[in-house]
Every structure is written in structure tokens, then in C-alpha cells.
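Below is the sequence, then the predicted model.
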Amino acid sequence: MITLDLVRQRVRTLPSLPTTVVALGEAVADDRCTVDRLLGILSKDPPLSATMLRLANSAAYGGDREVSDLRTAVMRLGFDALLNLGRTAAVIRTFRDVRQLDPLRLWQHSVAVGLTAKAICRLLRMRVQEEPAFLAGLLHDIGKIALDRCFSEAYAPVVQAMRDGEHLVDAERRLLGLTHADVGAVVAENWRFPGVLVAVLREHHDPPPGAFLSHLIHLCDLLVRTRIPNGPADETLAVVLEDQPSFHVVFRPDAHPDLDLERLTFSIDDELEHAVTFVQLAFQD
């Protein structure tokens, strides 16, 4: 069994969250943000700049002419897509090396959860929650990477149990005595994240009553797992939104009587396509 004290010791060896992630978030959150400010941030990260150019010329965003300079790429992508991809690429580049897990699938899932959570906040016109929701979704499974890197031998049987059909969280509790959610919260504390984000990483599999962000990430995690399964146990996962307690916390049907569930479903599928594109490009660095 692994104790939280041992986790706290080991996670100190993990890299820090890339400064680009924080800088881009702060810049785009500023209503006075300019293209020049973003170019200044990107200029300090040449691999990320190259990823931006690739994305601007990808099928998802490409126009009639090929983009060859970063300023034109930023203008074509727009601040929102640039922010999403920039933070995605910076985090993936730092944390894509794992031994037991499939890094491509893990990051496709995580990015899709982040993009879906942000899209739902936009749908609900909760602008102040968009960025925390994206970051929480992007990093909600960072505890898996911490376990894979810091406790690789102990985590191998857990991953094998998942591949054999057991739910990962159940296998973690049975074999380790804690879960990736517990470990993710420790990582977030080590990075000095705000308390609300630490709580989301800890609670995303079992959100407490009324905790909006925790329920949002829990719901998005379920929805994405029906489309990008984490393992065999997810391949038969079916989610009926109205039956999920988190759905009622997030959408509050009394406050959103005109909610279009079909539109929501299409929006989730769109975000999954974006997530796959983002991660494939980020892995080309």
C-alpha cells in the first residue's frame, strides 16, 4: 500500500507546471490582451510556436493560403483556440513520458474533458468558470501520471487489472489503498494551485453536494469515457444525462428550462474532434 506521506515525498521529483500554461491563461483572461503580448509569450517557447503553425495549417483551421509566420497563425486561430492548444501542448510536452499507461489516449481523454467542461460553461454563460474548468479538466488525471512515474512498479498491476476489465479507480483502491484522484490533489497542492482546483482533482470521481466544478468534471469525464474509453470497463459505459446527479447540479434544470440536450451532445462530439487534433499535433514536437 502507498501512503499519502510517501506520495508527498515522491511527487516533488515531478517537473513543475510549465510557465507557458500560466502565462497564456493570464494573458487571455485580460480584456486588454493583444496579439503582441501573446507573441511575446510564444517567442520564449519555439517548440510551442511550431505547434501553433502546424495547427493553423491543419485541416481544422487551415484557410486558402498556408500560414508561414506566427502572427498570422495567431490571427487565424483566435485567442481561444490558441490558449487551449498552447496550454495543452505545453503540459503534454512535459508529462507525456509514462511507462505503464497509453499517453496518447490519456491525453486525448484529458484534453477532451477540459474542452467539454469549458464548452459547457460557455453554454451556461458562466464565463468566469471557463478557464478553471478547462484547467481542471486538462489536469484531472495528472495523478495517473504521478503514479506511473513515481510508483511505476506498484502501478503496473493496477494498469493490468484495468486492461483485464476492472475499473481503474477500483483497482487503485484495492491494490494501492488510494486513487489517482488522491494523488492528483497532492500534485496540485505541490504546484500551489488554488484550493478549489485541488478539491476538484480530489473529488472528480465522488463530488460532494453543491460543488459545481467537481460535478462538472465528473460529468464530463463520464461523457468523454463513453467516446474515448479508458479501458474495457468503459466500452459498455452508457450515460443517461437526466439520471446523473451531476447533471442536475451543473445544469440546474429549473434555471435552464430550455436546455437543448441534442445541441449539447453535438457540442461534446465537436470538442472530442478538437481534442484529438490538439493532442496529435502536440505529440509531434
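Yes, it's here. As the structure is a prediction and not an experimental result, all values here were calculated from the model.

Please count neighbours and contacts with C-alpha atoms only from this point.
Noted.

If you count neighbours, what's buried in the helix or strand hosting residue 53?
Secondary structure from DSSP states H and E places residue 53 in helix 46-56. For helix 46-56, the buried set under the neighbour-count rule, 16 or more other C-alpha atoms under 10 Å, comprises 47-56.

Can you name every helix or strand that it contacts?
helix 70-77, helix 79-95, helix 261-282 (3 or more C-alpha pairs under 8 Å, 6 or more residues apart in numbering; DSSP states H and E).

Comparing those helices, which stretch has the densest surroundings?
Ranked by average neighbour count under the criterion mean count of other C-alpha atoms under 10 Å, these are headed by helix 79-95 at a mean of 20.

what's in contact with that helix?
The contact list for helix 79-95 (C-alpha atoms under 8 Å, 6 or more residues apart in numbering) reads 15, 17-18, 20-21, 24-25, 28, 48, 51-52, 74, 107, 111, 115, 138, 145, 278-279, 281-283, 285.

Now do it against helix 46-56, angle only.
130 degrees (axes from the mean of the first three to the mean of the last three C-alpha atoms, to 10 degrees).

Following element in sequence after helix 79-95, please.
helix 103-123.

Centre of the chain to the next helix or strand after that following helix, how far?
Toward the C-terminus, helix 103-123 is succeeded by helix 127-139 as the next helix or strand (DSSP H and E). Helix 127-139 has its average C-alpha position 9 Å from the chain's average C-alpha position, going by C-alpha atoms, centre = their mean, to the nearest Å.

What residues sit buried inside helix 127-139?
129-139.

quick one on the thing from earlier: extract the C-alpha trace of the helix holding residue 53 and format it as CSV.
This file holds the C-alpha atoms of helix 46-56, laid out as CSV (Å, rounded to 0.1, in the frame of the first residue of the first chain):
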residue,chain,number,x,y,z
PRO,A,46,10.0,27.7,-30.0
PRO,A,47,8.5,24.2,-30.0
LEU,A,48,5.2,25.5,-29.0
SER,A,49,5.3,28.2,-31.7
ALA,A,50,6.0,25.4,-34.2
THR,A,51,2.9,23.6,-33.0
MET,A,52,0.8,26.7,-33.4
LEU,A,53,1.9,27.0,-37.0
ARG,A,54,1.1,23.3,-37.6
LEU,A,55,-2.4,23.8,-36.1
ALA,A,56,-3.1,26.9,-38.2
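
what's in contact with it?
With C-alpha under 8 Å, 6+ apart, helix 46-56 has contacts from 42-43, 61-62, 67-70, 73-74, 76-77, 82, 85-86, 89-90, 278, 281-282, 284-285.

Ok, stretch 142-160 next?
By C-alpha under 8 Å, 6+ apart, stretch 142-160 touches 10-11, 14, 95, 98-101, 168, 171-172, 175-176, 179-185, 187.

I'd like the buried residues of helix 46-56 as JSON lines, with distance to residue 235 and pLDDT appended.
Putting those into JSON lines (distance: C-alpha to C-alpha, whole Å; pLDDT from 0 to 100) gives the following:
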{"residue": "47", "distance to residue 235": "35", "pLDDT": "82"}
{"residue": "48", "distance to residue 235": "34", "pLDDT": "81"}
{"residue": "49", "distance to residue 235": "36", "pLDDT": "84"}
{"residue": "50", "distance to residue 235": "36", "pLDDT": "84"}
{"residue": "51", "distance to residue 235": "32", "pLDDT": "81"}
{"residue": "52", "distance to residue 235": "33", "pLDDT": "81"}
{"residue": "53", "distance to residue 235": "35", "pLDDT": "85"}
{"residue": "54", "distance to residue 235": "32", "pLDDT": "83"}
{"residue": "55", "distance to residue 235": "30", "pLDDT": "79"}
{"residue": "56", "distance to residue 235": "33", "pLDDT": "81"}
